[in-house]
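*Asks:* Here's my sequence, what's the structure:
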Amino acid sequence: MITQDKLERLMNLNERIRTCMRCELWKTRTQAITGEGNPNSALMIIAQAPGYREDEEGRMFVGPSGGKLNELLEYAKIRREDIYMTNLVKCLLPHYRRPKPREIETCSQYLDEEINIVNPRVIATLGYLPAKYIFQKYELMDNFSYSKICGKTFNAGDKIILPLRHPATLLYNPKIEEEMKKNYKKIRTLLNSFPR
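*Replies:* Predicted coordinates for the structure are as follows:
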């Protein structure tokens, strides 16, 4: 059961995200994208930032990479409405550039608050920068190497961190589909350990 306190805290946070002007990205976005899904979920998926379709429609993973994510989740027998998804950076990055360190520093304060409110048992990061941020946050690795951690699980106190490739990778490299399916299926295995 979702408590009234949790709902109010999320609503307050989402309102602050939607009206945020703490970095320059507010000037080029259509709208800031808040997290979505089940705030009681044992799983939080963290992507890097919204794309153009997400910026237009105001929802997460509605573009081509969203189609691939849906396929991977379906393969792993996970329903989108049962999980909580969010981004490291809440606004569209012009020309799909990487976020600047200051943008990550500013926006990650919202992500930290989301993690506090949702309190997931499993955090699955999609792509390099979300993984790097979470590994730094939980002090998991001194010499961060994305290629060495992808698809492996790491304990961070009462949480399990699972870095995964971003589903958009399949748009450019379909050869790794089987490897990605296998890694996404690990989410289901972990969730079976933490029913909510």
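*Asks:* Now do the strands in this structure.
*Replies:* Applying DSSP state E to the chain gives strands spanning 36-37, 43-47, 84-87, 122-126, 154-156, 159-164.
*Asks:* highest average neighbour count across these?
*Replies:* Among these, judged by mean count of other C-beta atoms under 10 Å, the one packed with the most neighbours on average is strand 43-47 (a mean of 26). Just so you know, the C-beta spots here come from the backbone N, C-alpha and C atoms, and that holds for glycine as well.
*Asks:* That one vs strand 122-126, what angle?
*Replies:* Angle of strand 43-47 versus strand 122-126, following axes from the mean of the first three to the mean of the last three C-alpha atoms, to 10 degrees, is 20 degrees.
*Asks:* 40 is where my numbering starts, stick with that
*Replies:* Noted, 40 is the first residue going forward, which turns the last one into strand 82-86.
*Asks:* CSV for the strands of the chain, including distance to Leu108?
*Replies:* Converted to CSV, these look like this (distance: least, C-beta to C-beta, whole Å):
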stretch, distance to Leu108
strand 75-76, 12
strand 82-86, 8
strand 123-126, 9
strand 161-165, 8
strand 193-195, 22
strand 198-203, 10
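*Asks:* Make TSV out of those and add mean pLDDT and distance to Glu142.
*Replies:* Shown next, in TSV, are the strands of the chain (pLDDT from 0 to 100; distance: least, C-beta to C-beta, whole Å):
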stretch	mean pLDDT	distance to Glu142
strand 75-76	96	21
strand 82-86	97	15
strand 123-126	98	12
strand 161-165	98	17
strand 193-195	95	24
strand 198-203	97	21
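*Asks:* what's the closest of those strands to Glu144?
*Replies:* With C-beta to C-beta, the closest approach to Glu144 among the strands of the chain belongs to strand 123-126: 14.8 Å.
*Asks:* Which strands and helices lie in contact with the closest one?
*Replies:* Contacts defined by 3 or more C-beta pairs under 8 Å, 6 or more residues apart in numbering; DSSP states H and E place strand 123-126 against strand 75-76, strand 82-86, helix 140-157.
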